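Colleague: For reference, the sequence and a predicted model appear below.
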Amino acid sequence: IAGITQAPTSQILAAGRRMTLRCTQDMRHNAMYWYRQDLGLGLRLIHYSNTAGTTGKGEVPDGYSVSRANTDDFPLTLASAVPSQTSVYFCASSDTPQGAGGYTFGSGTRLTVV
Amino acid sequence: ILNVEQSPQSLHVQEGDSTNFTCSFPSSNFYALHWYRWETAKSPEALFVMTLNGDEKKKGRISATLNTKEGYSYLYIKGSQPEDSATYLCAFDHGNNRLAFGKGNQVVVIP
């Protein structure tokens, strides 16, 4: 592992199903983030975590939950998927909450809810 | 919701030409301004993190300036090459531990 690993790379999901997107980093970064990217809207923050054991809501948190049990992992869960959650999801991390060194992004998960 | 505007949305540049584009952000409660380069089918990569008014940063042929008092940053590409084709994102941090991204400047360099 080098940087951030996201899994799966892509997924087609039936509406109403539960899904967890995985994100793992090996840089020992304190802060982690989940963004979604939609055409014409840019990257929008879903949830964030400044350090292990803490999480916070971003701009578009509804329908999503996160946990941060340890430094390396930051999974994003869709409890009951809806078609409006079709998007590309990016996990990111930074060495401090203020991201002084910039964010490191994963390669993304393309999710289609049908 | 923080309003981060980037212009122009897209531009085509002839190889060898120089170009620049703008990121506008709220001038109050400024903490940092980030620039990222995002190539198709890849993930965004950090170019610059700028924190001080008047900051100028450079990486190869790409440079950026920052004006926090009036709320704008310019990104310059000197002597554009085809490998510079990408979307350039700016993101504003007003110190709440989260970045607000603009929609990006899509650059296509024509050989």
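Modeller: Now that the structure is in, tell me what you want to look at.

Colleague: So what's the residue count around residue A:69?
Modeller: Each residue near residue A:69 was counted by other CB atoms under 10 Å in any protein chain shown, and the total is 10. Just so you know, the C-beta spots here come from the backbone N, C-alpha and C atoms, and that holds for glycine as well.

Colleague: for residue B:81, same thing?
Modeller: Residue B:81: 14 neighbours (other CB under 10 Å).

Colleague: Please tell me the pLDDT value assigned to it.
Modeller: For residue B:81, the model assigns a pLDDT of 96.

Colleague: With residue B:95 instead?
Modeller: 77.

Colleague: One more: residue A:1?
Modeller: So, for residue A:1, pLDDT stands at 54.

Colleague: now do residue B:58
Modeller: Reading off the model, residue B:58 has pLDDT 96.

Colleague: try residue A:30
Modeller: Residue A:30 carries a pLDDT value of 92.

Colleague: so where's the chain uncertain?
Modeller: Since you didn't name a chain, this refers to chain A. Applying pLDDT under 70 to chain A flags residues A:1, A:97-99.

Colleague: ah, I was thinking of chain B
Modeller: Across chain B, the ranges flagged by pLDDT under 70 are B:1-2, B:97.

Colleague: again, only using 80
Modeller: B:1-2, B:94-97 (pLDDT under 80).

Colleague: ok but residue B:75 is inside a strand, no?
Modeller: Yes. With DSSP: H, G, I helix; E, B strand; the rest coil as the criterion, residue B:75 is part of a strand.

Colleague: quick one, what contacts residue A:79?
Modeller: Contact analysis of residue A:79 by CB atoms under 8 Å, 6 or more residues apart in numbering or on different chains lists A:18, A:63, A:65.

Colleague: same question but for residue B:23, I mixed them up
Modeller: Residue B:23 sits in contact with B:4-6, B:33, B:35, B:72-75, B:90, B:102, where contact means CB under 8 Å, 6+ apart.

Colleague: Quick one: classify the residue in chain A positioned nearest to chain B as helix, strand or coil.
Modeller: Among the residues of chain A, residue A:102 lies closest to chain B, at 2.7 Å counting by CB to the nearest CB. The local conformation at residue A:102, judged by three-state DSSP, is coil.

Colleague: Identify the residue nearest it in space, chain neighbours excluded?
Modeller: With sequence-adjacent residues excluded and distances taken as CB to CB, 6 or more residues apart in numbering or on different chains, residue A:102 is closest to residue B:46, at 2.7 Å.

Colleague: so what's residue 103 closest to, chain neighbours aside?
Modeller: You didn't pick a chain, so chain A it is. residue A:92 (4.4 Å).

Colleague: could you do chain B instead?
Modeller: Using CB to CB, 6+ apart, the nearest residue to residue B:103 is residue A:42, at 4.1 Å.

Colleague: what's the burial count for the one you found?
Modeller: For residue A:42, using other CB under 10 Å, the count is 19.

Colleague: For it, give the beta-bridge partners.
Modeller: Beta bridges link residue A:42 to residue A:38 when assigned by DSSP bridges.

Colleague: Now do the contacts for it.
Modeller: Counting by CB under 8 Å, 6+ apart, residue A:42 touches B:89, B:101-104.

Colleague: Enumerate the residues of chain A near chain B.
Modeller: A:31, A:33, A:35, A:40-45, A:48, A:50, A:56, A:58-59, A:90, A:97-108 (CB under 8 Å from any CB of the partner chain).
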